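Peer 1: Got a sequence here, can you build the structure:
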Amino acid sequence: MTTENTPSQHVLQVAKLVRLLGQGEIRQLIRLVPQLQTEREVVADKRAGLVRWAREQMAAYEHRVRPMQDEDMFLGDMSVEAYFNLPETERERIWSELYITAIETMKEREVESDAVIPAG
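Peer 2: Okay, the predicted model is just below:
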C-alpha cells in the first residue's frame, strides 16, 4: 500500500526515467501528459502565495530598508545583476576567494583552553 508521501514502485520507475530527460523532452512530456502541467500550476500558485506573504511581511520594514536591486553594487565593482549572470562555478570561486581572504586577515587571539564562546 502506498500513500501520497510514499511513492509506488511504478512512480519510482517513472521518476528514474524522467531524470534522464533533457529540458526539451520534459516540455514534450508535459504537453503529452496535461496533468503534469496542472500540478506545476498548483506549485506555481503556492509559490506565488508564499512570495505574496513574504512581501507583506517585509512591508513593515520598507521605510527602513529596501531590497537590493539589479543595478546596486554588490561585490567590488560588480552589480547584483552582473554577479547573478555569472556561471555558478564562477560565483563559487568568488565566494571561496572572499572566504579565504577573510580567514587569512582575521586577527588571531589567545584564549584559554577551557574558553566558552557565548551564543549570539
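
Peer 1: what comes up buried for the longest helix along the chain?
Peer 2: Looking across the chain with DSSP state H, the single longest helix is helix 34-59. Within helix 34-59, no residue counts as buried by 16 or more other Cβ atoms under 10 Å. Placement of C-beta: from N, CA and C, glycine included.

Peer 1: Following element in sequence after that helix, please.
Peer 2: Using DSSP states H and E, the next helix or strand after helix 34-59 towards the C-terminus is strand 73-75.

Peer 1: Which secondary structure elements does that next one sit against?
Peer 2: In terms of contacts (3 or more Cβ pairs under 8 Å, 6 or more residues apart in numbering; DSSP states H and E), strand 73-75 is packed against helix 80-85.

Peer 1: Please identify the buried residues of the helix it packs on?
Peer 2: So for helix 80-85, counting by 16+ other Cβ under 10 Å, buried means Val80, Tyr83.

Peer 1: got it, and stretch 72-92?
Peer 2: Using 16+ other Cβ under 10 Å as the test for burial, stretch 72-92 gives Ser79, Val80, Tyr83.

Peer 1: Return the member of those nearest to Pro7.
Peer 2: Within the buried residues of stretch 72-92, the smallest distance to Pro7 is 38.0 Å, found for Tyr83 (Cβ to Cβ).

Peer 1: pLDDT score for that closest one?
Peer 2: Note for Tyr83: predicted pLDDT of 91.

Peer 1: Tell me who's in contact with the closest residue to it other than its chain neighbours.
Peer 2: Take Tyr83 and drop its neighbours on the chain: the residue closest to it by Cβ to Cβ, 6 or more residues apart in numbering is Phe74, 4.9 Å away. Residues in contact with Phe74, defined by Cβ atoms under 8 Å, 6 or more residues apart in numbering, are Met68, Val80, Ala82, Tyr83.

Peer 1: which of these sit farthest apart?
Peer 2: Met68 and Ala82 (12.5 Å).

Peer 1: Distance of the residue nearest to Tyr83 relative to Leu50?
Peer 2: 25 Å (Cβ to Cβ, to the nearest Å).
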